[in-house]
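Q: Mind folding the following:
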Amino acid sequence: MTRPLAVTMGDPHGIGPEITVRACADPRRPAPVLVIGDPGALARACRTTGSRLRVRTVDRPAGAGRTPGVLDVLPAGPALPARLALGTVAADAGEASFAYVREGIARALAGQVRALVTAPVNKEALRLAGLPYPGHTEILAELTGTERYAMMMANEELKVVLVTVHQSLRGALDALTVERELDIVRLTHETLGGRPRIAVAALNPHAGENGLFGTEDRDVIAPAVRAARAEGIDASGPWPADTVFMRARAGEFDAVVAQYHDQGLIPVKYLGLEHGVNITLGLPFVRTSVDHGTAFDLAGKGTADHTSLLTALRHAHELAPEPAAEPAPEPAPERDDL
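A: Numbers count the residues shown, from 1 in each chain. A predicted model of the protein is given here:
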């Protein structure tokens, strides 16, 4: 039997439950889905969005998501109150959203689901709950014991992988090393398969102008690119960041390695939040996510756009195909023993 895709419903005070319901009800949904979250919050989201889905609680992933008109939910985390303080940052919501992700990771590691798709969590709510994680990526890395990982943001026109993620700009600058650059280029190469053309974005204006505008491009990024090429990886750069994304969008490169969060995410998000997806590289299973936040200002209004989550489901479906079933053995020929 085909395993479902698992969706964690995100911060219960945000739009996560609503976009989860909408995505599961959408006829374009690519595969059966098991939702990990709070059944009551999801039932309220069904009423808010006008969905006719009926919430059904299940205790295992097997067979989930196959009944028309039914939203199968695997409960996790602390019980939520009957009335949620939608649109607010709260410790209990942070604790709950973490519990959903933790349960999803456990099910994915056990091979019970094909991939993990995550609705947005709120970083401040996690911190209020005493959870020292700046985001999903770091939670996934720690709970899976993954040391080599990276964030890739993708849409139909761009694939961008980040060298540094949730750090201050000063912290990101301090974190740039030849080893880190090279490892991100390797992860990008391994994930995309074949021999992808990887462009590495420069850090400084005009790629540093040979040290005139900063030495990081000359002393850190360029040596990493040379080392990658020596390994047979089709990497190039550092390319000035003000043009490299346009060149990739035009088809010159298959992916761009960006140096810090906003350098890489602004080009992807400018092309449309609803079409972007976050993919974590290096994990022992496929994980995709929306490329937007909890949108507290929209929570409870029933108007949140679920397109990004639907896109994340499609990417997960494509990146984590079920192995083909083994063909049944040929029956042994009948033998006449007379």
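
Q: low-scoring stretches of the stretch 201-338 of the chain, by residue?
A: Along the stretch 201-338 of the chain, the model assigns pLDDT under 70 to residues 273, 324-338.

Q: Show me where it has its helices.
A: 216, 222-230, 241-249, 261-270, 307-319 (DSSP state H, counting those that start in this stretch).

Q: Now distance to G104 too, for those helices, in JSON lines please.
A: No exception for glycine: its C-beta is placed from N, CA and C like everyone else's. Converted to JSON lines, the helices of the stretch 201-338 of the chain look like this (distance: least, C-beta to C-beta, whole Å):
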{"stretch": "helix 216", "distance to G104": "37"}
{"stretch": "helix 222-230", "distance to G104": "33"}
{"stretch": "helix 241-249", "distance to G104": "31"}
{"stretch": "helix 261-270", "distance to G104": "23"}
{"stretch": "helix 307-319", "distance to G104": "12"}
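
Q: I'd like to know which of those is closest to V277.
A: helix 307-319 (4.6 Å; C-beta to C-beta).

Q: Buried residues, that closest one. List them.
A: Along helix 307-319, these residues count as buried under the neighbour rule (16 or more other C-beta atoms under 10 Å): 307-317.

Q: now do stretch 196-205
A: 196-204.

Q: Could you dump those residues into JSON lines and include distance to P267?
A: Compiled in JSON lines, the buried residues of stretch 196-205 are given as follows (distance: C-beta to C-beta, whole Å):
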{"residue": "P196", "distance to P267": "18"}
{"residue": "R197", "distance to P267": "17"}
{"residue": "I198", "distance to P267": "16"}
{"residue": "A199", "distance to P267": "12"}
{"residue": "V200", "distance to P267": "15"}
{"residue": "A201", "distance to P267": "10"}
{"residue": "A202", "distance to P267": "14"}
{"residue": "L203", "distance to P267": "16"}
{"residue": "N204", "distance to P267": "18"}
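
Q: Which of those fall within strands?
A: With strands taken from DSSP state E, the overlap with the buried residues of stretch 196-205 comprises 198-201.

Q: how many neighbours does K123 have?
A: Neighbour count for K123, taken as other C-beta atoms under 10 Å: 19.

Q: hmm, back to that, closest one of the buried residues of helix 307-319 to L283?
A: Of all these, A316 has the smallest distance to L283: 12.0 Å, by C-beta to C-beta.

Q: Do I have it right that the closest one meets L5?
A: Yes. A316 lies in contact with L5 (C-beta atoms under 8 Å); the separation is 5.4 Å.

Q: which neighbours do the two share?
A: 114-117 (C-beta atoms under 8 Å, 6 or more residues apart in numbering).

Q: Tell me which residues touch D92, please.
A: Counting by C-beta under 8 Å, 6+ apart, D92 has contacts 78, 80, 129.

Q: what's the closest of the helices of the stretch 201-338 of the chain to L74?
A: Nearest of the helices of the stretch 201-338 of the chain to L74, taken as C-beta to C-beta: helix 307-319 at 16.7 Å.
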